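A.B. asks: just to be clear, the model below is a prediction. Sequence and coordinates:
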Amino acid sequence: MVFNRSLLARAALGPAAGAVLMAFMASGAIPAYQMYSVGLAAVYTIVVLSVGLLAGWSGIWSVGHPAFFAIGAYFAAYGSGHDWPLEAVVLGAVATGAVLGAFLGYAGARFSVLYIALLTLAFTTVTLELINRWSSVTGGDQGVPVVQLRSALGFGTLLGGGTEAQYLAVGAAAVVLALAVPAAASGLRMRLVAAKSHPLAARTIGIAPEAQSSLSFAVSAACTCFAGVLLGLLTGFVSPDPFSLTFGISLIAACVLGGVGTILGAAAGGIYLTWNPSLSSAVGMPQPVVQGLVLIAVLLFLPGGVVPFLAKPARSLLRRVQRRPDAEVPLPADELTKPAPLGPSGDGPVLLHLEHVSVSYGGLKALEDASLSLRQNEILAVIGPNGAGKTTLLNALSGLTGNGRVSGSAEFAGRPLLKARATARRRLGIGRTFQHAEVFSELTVAENVLCTRRRITAGDRAEVARLLHSVGLADVADRRPGELPFGLQKRLDLARAMAENPKLLILDEPFGGLDAGERALLARHIRRLHAEGTAVVVIDHVLDDLFSVAHRVLAFDFGRTIGEGTPDTVLQDPKVRSSYLGTVEGRTRPPTQAGERSMIRLHGVGHTYGGVVALRDVDLDVRQGVVLGIAGANGAGKSTLAGILHGSLEPARGDRESGGAVRTSLAPEGRALFKTLSLRENLEVAAYGAGITGAPLRERLEETVQWLPARLRDRLSASAGGLSGGEQQMLAIARALIVAPDVLIVDEPALGLAPALVDEVYDRLARLAHDGLTVVLLEQLLSRAMSVCHEVAVLHEGVVAAQGRPGDPEFAALAEAAYFSGGLDPATTTAAANARTSSVN
C-alpha cells in the first residue's frame, strides 16, 4: 500500500471528526441525555461498516453479525465480573470473532449468497440459544452487568455506563474509519473484489476465493466483536434483547440505506440505527414499519444508497475537469511504428512437457491422451473445430478443469504441474487470458492489474503504469472495464496475464471479436513477448492471424491430437482439413426443386455486442423450399445470424424483411431443453408459447411425435435430461417443429454428437426438406453443409465471404478458401463475385 498525501488526508478525516465531536461533548454543547446516543451511534457505525464492507468487497451478506456483537458484549460482562483487564477482554473478543468468522467465511465460500445467509442465520440462532441457556455465564434472560474494566496499560478504569465509555466509543469509531480508508486503497480490497467479481479468473492470478472470503469474514467479525465490547461498556448491562434476528435485518437495512461498501455510508447507517426509535415515536408508527418504509423508499429511489447518491454530483464535476479519452484508444506511436517480426523458435530448453493427459467429465472425454512439448522460446498454436478439446487443454494447464478427472503427467520448468492448485500455477510462472476478456468489472483498469500483487508498493504502481502504457491503456487506467469497448477489455485481459512477467502465457482466442487493426496490434505484441523470452500457447479460430504469430501448430479434434506441423503445412494434412471441412461421402442430398418466393431477406445487416462486432453488412435471401446452409468456424457469427433470421434478435443495423406472415422456429445451439420436464412437456411448452392449445395442440403433438424415432415415441413421459445427445437434438428439433413453422432454423445440429447420430439427425432434416419445409442449417463443417444444402453461404468474421450452389465446382474451391481466410486476392475475388451471381441466376 502506498501512502500519499491525498490518502493520508482522507484517512485523517475520521479522527478529526471524532476529535471535534468529543470536544463538543466535553464542552456541554451536546446535552448529557444525548451523549449516550452519540456513543451508541459510534458503536453502530463500526458494526454497519463491518457488515457493509463485507458485502461490498466480498459479496457476503451476513445475518450472523448480531451473534458476534453479542459475543463481544458478553466478553465485556464476563471480564468485568472476573477482574480481567480491558486489553485482555478486547483481545479475547477479537480473537474469538476472528476464528469463528474465518470458519464461517471458509465454509460459506462454496455456497451461493442465499446459502451463506442461511448459514449465518443458523449461527445467530445457535448463539442466541446458547446465551439463553448458559445462564451461569450470561445471566440468561435476566442479563448480566458490566461493572468496570481497568486498563493494564495504565489508562485508568472504565465504569460500565459511564461517560468515559462514550468518549471511548467515539474515539474507537474514528480510528476504525481512519483505518478503513487505506484499506479501501489496498491490495487486500482489490483481491477481495476480484474474488467476488470473477472467482475463476481470480484463481489464474493467484487469488483463492475461499481464502479471501475467510479472511474478510474474520476481519469483519473481529471488528463487530470489538464493537460489542464497546456496547457492553456503554450500556453497563448486557442482555439478549439487543442481539435478535430483527437487529440483523436492521443492520442490512442500514447498510443499504447508507451505501453498501462505502465508509461514509457506514456512518450514515449507524446514525439511522440509533435514531430510528425516535423517528418511529415522532411519526407514531412501530419501528419495523418505519424501517420497512424507509428501506422500500431507498431501494426504489436511491438503490445505491444515500451517500453514493449525494456523491454523484461531485463525481460528475470531476469527470468534467479531468480529461476523458475517446472510446477508441490507440496504442502509443512507438508501439504502432516499431517493427516486431517473429523471431525463430531456436533450440531453447523444454519448458512444458505433457504426456498422455486426459480430462473426462463423467463418461465424456473432453481431452484424450494429449502429449506435447513446448520450448522456452516458442509460440505454439492449437487449432481445431468447436468442441475439439482446445479450451479443455488450456484449462488443464491452468488448473481450471473444475470437477473433471485429470490423468497423465505434466511438467513445467522441471516441476510437476497437474497436482498444483490453480492459484499456485501463477506463482510457477503461468499467465492466462480468456476468450471473452473476463475482467474484474468493479475494479478500475489499473486495479485489475495491481490486484495480482499481495502488497502494493510505489514500484508496483510504476511498473503497472508502464505495462498499461505498453498496451495502450495508460489513458484509461482510472476507468472501469464496463466503460471500455471490447477491444480495450481484451488488452486489459492481456496486461493482467502479463503482469509479473510469466514464463508461459496461455491465450484463449485473443483475436476473437477484434477488428483488423486491433488484431495486427495484438499479433505485434505477441511477437514482442516472444522476443523477451516468454513462451506462448495460443488457440484461436482466426487462422490467418493465428498462423502469423506461431512457430508450430497442433491440431485437435474430438479431444485427440490429429496433426502437427508448421503454419504453412499443417492445413495440408487431410485429417486436419477434414476436421474443419468434413467429408461428403454418404450424405443425403436435398430435393432438386426449390421455390423462388423470398421468405426472409436481410439487407446490410450488422450486429454488435458491446464493442464486439458479430455481423457486418450481411445480405441474404432465404427462398421458399430451399435448404440454406450457413457454414463458418466457431465465432464467425452463425448464432447471431440465426437469432436475426428467427426474429428473436433485432439487428443493430440493416433491415430484415419477411414475405408476408412467415412463421419461423429456432432449434438453438446447445438444444436448450427443459431437462427436468418430460419429452411431452417440452413439446407442450413450446406449443403453449406459440398460443396453440386445445384440439390444435393435440393434433400438432400427434403429428410432431410421428417425426421422432420410435425409441423416443415410446418414452414421451421420460425426463429430457435422461436422453443421449443425439436424442436430445432430435427432441429440440421436434420442439421447433410443433409450431408448424414456414422456416426452420437449426443451429449446429451435429455439435457434440457421434458420427452415427449425426447421420440420423441429418437424414431426418432431409426428410423435412423433401416435404417442402424451408430449412436454414448453421453448420461448422463446410462439407456437410455442401452435401445437404441447395445453397451455402460461408461466414468469416461476421461477413458473408462466399455464397453459391454446392454443385458449382468453382464455388467449392472458393468456399473452402473463404472458410479459412475470408479474403482472397483480387483475381479470385472477382471470380467469387461471378460465381455468386451465376448461382443465383
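C.D. replies: Ah, there it is.
A.B. asks: remind me which residues of the stretch 51-200 of the chain are low pLDDT?
C.D. replies: Applying pLDDT under 70 to the stretch 51-200 of the chain flags the ranges 112.
A.B. asks: please enumerate the helices of it.
C.D. replies: All helices of the stretch 51-200 of the chain, identified by DSSP state H, counting those that start in this stretch, fall at 65-81, 86-108, 113-133, 135-138, 163-184, 187-197, 199-204.
A.B. asks: now the fifth one: buried residues?
C.D. replies: So that's helix 163-184. 165-174, 176-178, 180-184 (16 or more other Cβ atoms under 10 Å). The C-beta positions use only the backbone N, C-alpha and C, and glycine is treated the same way.
A.B. asks: burial measure for residue 32, as a count.
C.D. replies: By other Cβ atoms under 10 Å, the residues close to residue 32 number 10.
A.B. asks: look up how far residue 356 lies from the residue nearest to the spatial centre of the chain.
C.D. replies: Residue closest to the average C-alpha location in the chain (Cα atoms, centre = their mean): residue 198, at 4.8 Å. The gap separating residue 198 from residue 356 is 32 Å, by Cβ to Cβ, to the nearest Å.
A.B. asks: coming back round to it: quick one: the residue nearest to the centre of the chain and residue 434 touch, right?
C.D. replies: No - Residue 198 is beyond contact range of residue 434, at 9.1 Å (criterion: Cβ atoms under 8 Å).
A.B. asks: ok so, going back, what's the closest non-adjacent residue to the residue nearest to the centre of the chain?
C.D. replies: The spatially closest residue to residue 198, leaving aside those adjacent along the chain, is residue 438, at 5.3 Å (Cβ to Cβ, 6 or more residues apart in numbering).
A.B. asks: that neighbour sits in which helix or strand?
C.D. replies: Using DSSP states H and E, residue 438 falls within no helix or strand.
A.B. asks: off-centre distance for the helix or strand containing residue 687?
C.D. replies: Assigned by DSSP H and E, residue 687 belongs to helix 679-689. What separates the centre of helix 679-689 from the centre of its chain is 32 Å, taken as Cα atoms, centre = their mean, to the nearest Å.
A.B. asks: now the helix or strand just after that helix, how far from the centre of its chain.
C.D. replies: Sequence-wise, the next helix or strand downstream of helix 679-689 (DSSP H and E) is helix 694-707. The chain centre lies 41 Å from the centre of helix 694-707; the measure is Cα atoms, centre = their mean.
A.B. asks: next, the angle from helix 694-707 to helix 679-689.
C.D. replies: 130 degrees (axes from the mean of the first three to the mean of the last three Cα atoms, to 10 degrees).
A.B. asks: buried stuff in helix 694-707?
C.D. replies: Here helix 694-707 shows 697, 700-701, 704-705, 707 as buried, counting by 16+ other Cβ under 10 Å.
A.B. asks: just list the residues touching the closest residue to residue 405 other than its chain neighbours, thanks.
C.D. replies: Excluding the flanking residues, the one nearest residue 405 by Cβ to Cβ, 6+ apart is residue 360, at 5.0 Å. Counting by Cβ atoms under 8 Å, 6 or more residues apart in numbering, residue 360 touches 366, 404-405, 407.
A.B. asks: distance of residue 360 from residue 559?
C.D. replies: From residue 360 to residue 559 the distance is 9 Å (Cβ to Cβ).
A.B. asks: would you map the helices across the stretch 551-700 of the chain?
C.D. replies: 574-581, 638-646, 679-689, 694-707.
A.B. asks: could you dump these into TSV and include distance to residue 526?
C.D. replies: Formatted as TSV, these follow (distance: least, Cβ to Cβ, whole Å):
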stretch	distance to residue 526
helix 574-581	22
helix 638-646	27
helix 679-689	46
helix 694-707	49
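A.B. asks: could you dump the ones you listed into a markdown table with distance to residue 722 and mean pLDDT added?
C.D. replies: Formatted as a markdown table, the helices of the stretch 551-700 of the chain follow (distance: least, Cβ to Cβ, whole Å; pLDDT from 0 to 100):
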| stretch | distance to residue 722 | mean pLDDT |
| --- | --- | --- |
| helix 574-581 | 30 | 78 |
| helix 638-646 | 27 | 92 |
| helix 679-689 | 10 | 93 |
| helix 694-707 | 18 | 91 |
